[in-house]
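Trainee: give me a 3D structure for the following:
(2 chains)
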Amino acid sequence: MDERNQVGRWAFGCAAIAIAVLATGCATVAPTQRAILADPTMQFDGEKKHDAALRHAMENREGSMGGTGVSGGGCGCN
Amino acid sequence: MQLTQRTGAERRVLRAVVVALAVALPVAVPGAAGAQVAEVDTTHSVFYEAPTRTHMFVYTPSGDVTASPWPWLEVSGGWEADVVSGASVSTKAGGVYQASHAADVVSTASVHDLRNMARGEATVKGEMTSLTAGYAYSTENDYRSNSIHANARTDALQHNTQFELSYAHNWDGVCNRVQDAGATSPTLFVALENSQGCFTADPTRVTDAIGIDTFETSWGQSWTPIFETQLTYTAQLIQGFQSDPYRSVILGEGIKAQENVPDERAREALTARMAVYLRSLRAALRLSVRGYYDTWAIRSGTLEGEFEKSFGESLRVMARGRLYSQTGAVFWSDDYTGGAPPLGPHGQYFTGDRELSPFWSWLAGLRAVWTIRPAQGRILGFIDSLKLGLSGSVTGFTYLQYTLGGVPVSDARAYVGTLSLNVAF
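Mentor: Below you'll find the predicted structure:
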């Protein structure tokens, strides 16, 4: 059962990646149309250094992590 | 985490590293006229938590210097500290034990600590790709950390697609107490009383290793001129001593033992984000959803929204909201002294860590960023731009099972305020 689940997860992952790769071909934003995408308000981590302390505090108050990068050092887990 | 101060020698070394980076990097940069070649960032943040008995207060200053001596190279160095004061739960018991003893069996210990971290990073940039490598070293009274990280990023399809791969490894060490020879079971282990003697030849102290491997990959996609998404997968494997060495748990009548959690923990998270620009409002809406799972059986979901609007060319204001919910670790209990789960024994592991308990939280916050960039010339003749950031947030926690001696922790709040300044030359 576990083996079947694992195969299923891999199949799902491969299918998702294939769909994602195919879907990128649909995106046709020309370089001249990228002004808004380059706007500071459209950046996911536009103020990463400013928000670092808040993220650090939340990660140490929660039992989970992920999605915000891998670098870091120390515990600082008070 | 606790009790002793940094030695004078360590303070001097850290200060020398920071001063050297701050002085050397801008000096080393060729004075290219017109182009921005260096940046200085400083951030100051305060965290306060109440009323969870801890009254934890943390002040976090940081400083970073980034230089681009050539267009293809960016080098940065920085320092960060945590100045901590407050209290932490040193002995945890639940309502069953509290009721039978008719006294406050939950005890707290005062916490004073200083964490220092020095970091450095170099990025080599091409037209479509960039490679980054970095190192960080941090010290606390009872914790040491060496970490390396590497990142590769590439753009494709006219910059509409971005792929990113990141990896980090930590070689950490946490101070612990040398247990008596007769203490053959974790139920007989005694918690660390303070951090005196840590990382020295003191025979009553030992350093337990922690290895952390973190892998992250992301795919960013611009779909239209006003809409983009990002999908990120994160995996982490932690091996080593992961308990709080200071915390004890009441296991039964006369049995108080150091917290004991598994030595291995594998964690996974999948995050989907989207940003859409609302032309009529001259604002952007960013949404994020994250699912998380680990081998301690904690599952969590996070929903986050940010609305950021520009006012003129200089000012941006953002409102942020966040909802978070998690299940508890499979071995977590509020009371290990008896009864059936969720209050009774959960096997060989026991913890008083509220972060491993089931709870949910909400967050609300505001952030304002003011940027000054002269259309012609430079500020004072040498500053390309100035950016000032100010933010504040409040978080409310609702603990579903965690109590302090059977008394629910109600109305728990955490406040974070941050002030930052970025100067580009």
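Trainee: buried stuff in stretch B:159-177?
Mentor: Residues B:159-162, B:164, B:166, B:168, B:170, B:172-177 are the ones in stretch B:159-177 that count as buried (16 or more other Cβ atoms under 10 Å in any protein chain shown). Where you see a C-beta, it was placed from the backbone N, CA and C, and this is true even at glycine.
Trainee: quick one: residues contacting whatever residue of chain A ends up closest to chain B.
Mentor: Closest to chain B within chain A is residue A:66: 2.6 Å, counting by Cβ to the nearest Cβ. Residue A:66 makes contact with B:216, B:232, B:234, B:236, B:267-271, B:290, B:292, according to Cβ atoms under 8 Å, 6 or more residues apart in numbering or on different chains.
Trainee: that one should be in a helix, yeah?
Mentor: No - Residue A:66 sits outside any helix when classified using DSSP: H, G, I helix; E, B strand; the rest coil, being coil.
Trainee: local confidence estimate at the nearest residue to it once chain neighbours are set aside?
Mentor: In space, and not counting its chain neighbours, residue A:66 is closest to residue B:269: 2.6 Å by Cβ to Cβ, 6 or more residues apart in numbering or on different chains. pLDDT recorded at residue B:269 is 96.
Trainee: what about the helices in chain A?
Mentor: Per DSSP state H, chain A carries helices over the ranges A:2-24, A:48-59.
Trainee: tell me the pLDDT of residue B:421.
Mentor: Residue B:421 carries a pLDDT value of 97.
Trainee: try the one 4 residues further on
Mentor: According to the per-residue confidence, residue B:425 scores 91 in pLDDT.
Trainee: what about it, how many neighbours?
Mentor: Residue B:425 has 17 neighbours, counted by other Cβ atoms under 10 Å in any protein chain shown.
Trainee: rewinding a little: any idea how far residue B:328 is from the residue of chain A closest to chain B?
Mentor: Distance, residue A:66 to residue B:328, using Cβ to Cβ, to the nearest Å: 18 Å.
Trainee: next: residue B:360.
Mentor: Distance, residue B:360 to residue B:328, by Cβ to Cβ: 12 Å.
Trainee: look at these two and report which has more neighbours.
Mentor: Taking neighbours as other Cβ under 10 Å, residue B:360 and residue B:328 compare with residue B:328 leading, 27 against 15.
Trainee: mind listing what that one touches?
Mentor: A:63, B:298, B:342, B:356-358, B:401.
Trainee: of those, grab the buried ones for ChimeraX.
Mentor: With 16+ other Cβ under 10 Å as the criterion, this ChimeraX line picks the buried residues out of the contacts of residue B:328:
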select /A:63 /B:298,342,356,357,358,401
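Trainee: what's the first helix or strand after whatever helix or strand residue B:85 lives in?
Mentor: Per DSSP states H and E: residue B:85 is located in strand B:73-92. Downstream of strand B:73-92, the first helix or strand assigned by DSSP H and E is helix B:95-101.
Trainee: pLDDT averaged over that following helix - what is it?
Mentor: For helix B:95-101, mean pLDDT is 83.
Trainee: how about stretch B:368-384: buried residues?
Mentor: The neighbour-count criterion (16+ other Cβ under 10 Å) identifies B:369, B:371, B:384 as the buried residues of stretch B:368-384.
Trainee: which residues touch the first one?
Mentor: By that I understand residue B:369. Neighbour list for residue B:369: A:40, A:47, A:50, B:315-318, B:387-389 [criterion: Cβ under 8 Å, 6+ apart].
Trainee: cool, residue B:291 as well?
Mentor: For residue B:291, the contacting residues are B:269-270, B:299-301, by Cβ under 8 Å, 6+ apart.
Trainee: for stretch B:198-209, buried residues please.
Mentor: The neighbour-count check on stretch B:198-209 (16+ other Cβ under 10 Å) flags B:198-199, B:205-207 as buried.
Trainee: quick check: PyMOL command selecting the buried ones in the contacts of residue B:291.
Mentor: Typed into PyMOL, the line below selects the buried ones among the contacts of residue B:291, using 16+ other Cβ under 10 Å:
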select buried, chain B and resi 269+270+300
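Trainee: of the contacts of residue B:291, which belong to strands?
Mentor: Assigned to strands by DSSP state E, the following of those qualify: B:269-270, B:299-301.
Trainee: and those, which is closest to chain A?
Mentor: Chain A lies nearest to residue B:269 out of the ones in strands among the contacts of residue B:291, by Cβ to the nearest Cβ, at 2.6 Å.
Trainee: is the nearest residue to residue B:186 once chain neighbours are set aside in a bridge, and if so with what?
Mentor: Nearest residue to residue B:186 in three dimensions, chain neighbours excluded: residue B:260, at 4.0 Å (Cβ to Cβ, 6+ apart). Beta bridges link residue B:260 to residue B:350 when assigned by DSSP bridges.
Trainee: distance check, residue B:260 against chain A.
Mentor: Going from residue B:260 to chain A by Cβ to the nearest Cβ, to the nearest Å gives 17 Å.
Trainee: how about residue B:163?
Mentor: As judged by Cβ to the nearest Cβ, residue B:163 and chain A stand 10 Å apart.
Trainee: what bridges to that residue?
Mentor: With DSSP bridges as the criterion, residue B:163 is bridged to residue B:154, residue B:219.
Trainee: thought it was touching residue B:157?
Mentor: No - counting by Cβ atoms under 8 Å, residue B:163 does not reach residue B:157; the two are 10.7 Å apart.
Trainee: my read: residue B:61 touches residue B:78, true?
Mentor: No - judged on Cβ under 8 Å, residue B:61 makes no contact with residue B:78 at a distance of 11.0 Å.
Trainee: compare those two (neighbour count), which wins?
Mentor: When neighbours are counted by other Cβ under 10 Å, residue B:61 and residue B:78 differ, and residue B:78 comes out ahead with 24 against 15.
Trainee: distance check, the more buried one against chain A.
Mentor: 9 Å.
Trainee: what residues are up against that residue?
Mentor: Residue B:78 neighbours (Cβ under 8 Å, 6+ apart): B:18, B:21, B:41, B:62-65, B:118-120.
Trainee: nearest residue to it in space, please, no chain neighbours.
Mentor: Excluding its sequence neighbours, the residue lying closest to residue B:78 (Cβ to Cβ, 6+ apart) is residue B:64, at 3.4 Å.
Trainee: ok, the one you found touching residue B:74?
Mentor: No - between residue B:64 and residue B:74 there is no contact under Cβ under 8 Å: 11.8 Å.
Trainee: run through the chain and note the low-pLDDT ranges.
Mentor: Using chain A. A:1-2, A:17, A:20-27, A:71-78 (pLDDT under 70).
Trainee: hmm, I had chain B in mind actually
Mentor: Within chain B, the ranges that satisfy pLDDT under 70 run B:1-36, B:51, B:339-340, B:342.
Trainee: all helices of it, in order?
Mentor: Under DSSP H, chain B gives helices at B:8-28, B:95-101.
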